[in-house]
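Undergrad: predicted model and sequence below, questions to follow.
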Amino acid sequence: VENVVIIGSGCAGLTAALYTARARLEPTGLTGAMPGGLLTTTSIVENYPGFPEGIDGTELMIQMQQQAERFGAKVQFGSTVEAADLSERPFRLTVDGAEMLAQTLIIASGAGHRHLGLESEAKLDKKGVTYCATCDGALPMFRDQPLVVVGGGDSACEEATYLTRVGSKVYLIHRRDELRASKIMADRALANDKIEPVWNSEVVEILGEAEDKVTGVRLKNNQTGDETTLDCAGVFIAIGHVPNTQIFKGQLEMDDAGYVKRVEGSQTSVPGVFVAGDCS
């Protein structure tokens, strides 16, 4: 039986690993398919205290992991929790097909990218449709081409700003008439000559040549109902996140969106199960 099992290896999971390891609780961290979490898909992290010049997302996560391991945390790479039974202690987890027992569980499984939900989006995934500019922006198919970013928050502004180094022009498609990003991110994006905002608009279809590569988007103006098409070589979708909590549905108290509710501190509705980070 493991003393403490931590699901997830982003900021929250590794912080939990560091604290529990220093308390001599011998935690085991399961990284899932994306060691380091979503922060490894960002270029530069400017708002983490202690790095006045900013730090690369992957580099920051490697340093956090090394810090936790220094105090005795064990990290299982690529290990994914497929099912969980929280009805009694020790809790039963199915990890890569095998059973793992945990006396205490910390859920720090984070959140994944939200999709538009279009059929054309799924068909053209990885053929010009992507959810991470820093992961995919440097691909040759996007170089010196017009590109589209969908969204209006901080991540959409960061993606658009990053892509101005790659594409010939970046259209920022937002369903409202102002960005909901923080002022510094919004101002940076709107001040860039290569970024053109397209307000009050939604993507209704992603267009592709023989479903092999993205050639454009069909937009609908939600004020007038008018539809237009825009030529582009890539569509970068940045419309928020969905918590990775599906396996705990019906076992823990959650809100309608699937975020795990905290009862007190980081304690969930099941004693011995704690939650941290973007899934809470």
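TA: Structure received. Numbering: from 1, shown residues only.

Undergrad: ok, the nearest residue to residue 233 once chain neighbours are set aside - contacts?
TA: If you skip the residues right next to it in sequence, residue 233 has residue 145 as its closest partner in space, 3.5 Å away by C-beta to C-beta, 6 or more residues apart in numbering. In short, each C-beta sits where N, CA and C put it, glycine included. Shown in contact with residue 145 (C-beta atoms under 8 Å, 6 or more residues apart in numbering): 167, 168, 232, 233, 234.

Undergrad: one more pass at 7 Å, please.
TA: 167, 168, 233, 234 (C-beta atoms under 7 Å, 6 or more residues apart in numbering).

Undergrad: with distance to residue 187 added, can I get those in a markdown table?
TA: Converted to a markdown table, the contacts of residue 145 look like this (distance: C-beta to C-beta, whole Å):
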| residue | distance to residue 187 |
| --- | --- |
| 167 | 21 |
| 168 | 23 |
| 233 | 27 |
| 234 | 24 |
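
Undergrad: looking at these, which one is closest to residue 206?
TA: Here the nearest of the contacts of residue 145 to residue 206, counting by C-beta to C-beta, is residue 234; it sits at 10.1 Å.

Undergrad: what about the closest one, how many residues nearby?
TA: The tally of other residues near residue 234 (other C-beta atoms under 10 Å) stands at 26.

Undergrad: for it, give me its contacts.
TA: 128, 130, 142, 145, 147, 148, 214.

Undergrad: kindly give a single ChimeraX line that selects the buried subset of the contacts of residue 145.
TA: To isolate the buried members of the contacts of residue 145 in ChimeraX, using 16 or more other C-beta atoms under 10 Å:
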select :167,233,234
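
Undergrad: farthest pair in the contacts of residue 145?
TA: 168 and 234 (11.3 Å).

Undergrad: which strand residues bridge residue 203?
TA: residue 219 (DSSP bridges).

Undergrad: using CSV, lay out the contacts of residue 145 together with pLDDT.
TA: Compiled in CSV, the contacts of residue 145 are given as follows (pLDDT from 0 to 100):
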residue, pLDDT
167, 97
168, 98
233, 97
234, 97
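
Undergrad: from the contacts of residue 145, which is closest to residue 181?
TA: Distances from residue 181 to the contacts of residue 145, taken by C-beta to C-beta, are shortest for residue 167, at 19.4 Å.

Undergrad: okay, now the closest residue to the closest one other than its chain neighbours: neighbour count?
TA: Among residues not flanking residue 167 along the chain, residue 147 sits closest, at 3.9 Å (C-beta to C-beta, 6+ apart). Using other C-beta under 10 Å, residue 147 has 26 neighbouring residues.

Undergrad: how distant is the helix or strand hosting residue 147 from the center of its chain?
TA: Under the criterion of DSSP states H and E, residue 147 resides in strand 146-150. Counting by C-alpha atoms, centre = their mean, to the nearest Å, strand 146-150 is centred 19 Å from the centre of its parent chain.

Undergrad: give me the sheet partners of it and which way each runs.
TA: Applying DSSP bridges to the sheet, strand 146-150 is found paired with strand 169-173 (parallel), strand 234-237 (parallel).

Undergrad: would CSV of these with distance to residue 200 be doable?
TA: As requested, these are arranged in CSV below (distance: least, C-beta to C-beta, whole Å):
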stretch, distance to residue 200
strand 169-173, 10
strand 234-237, 18
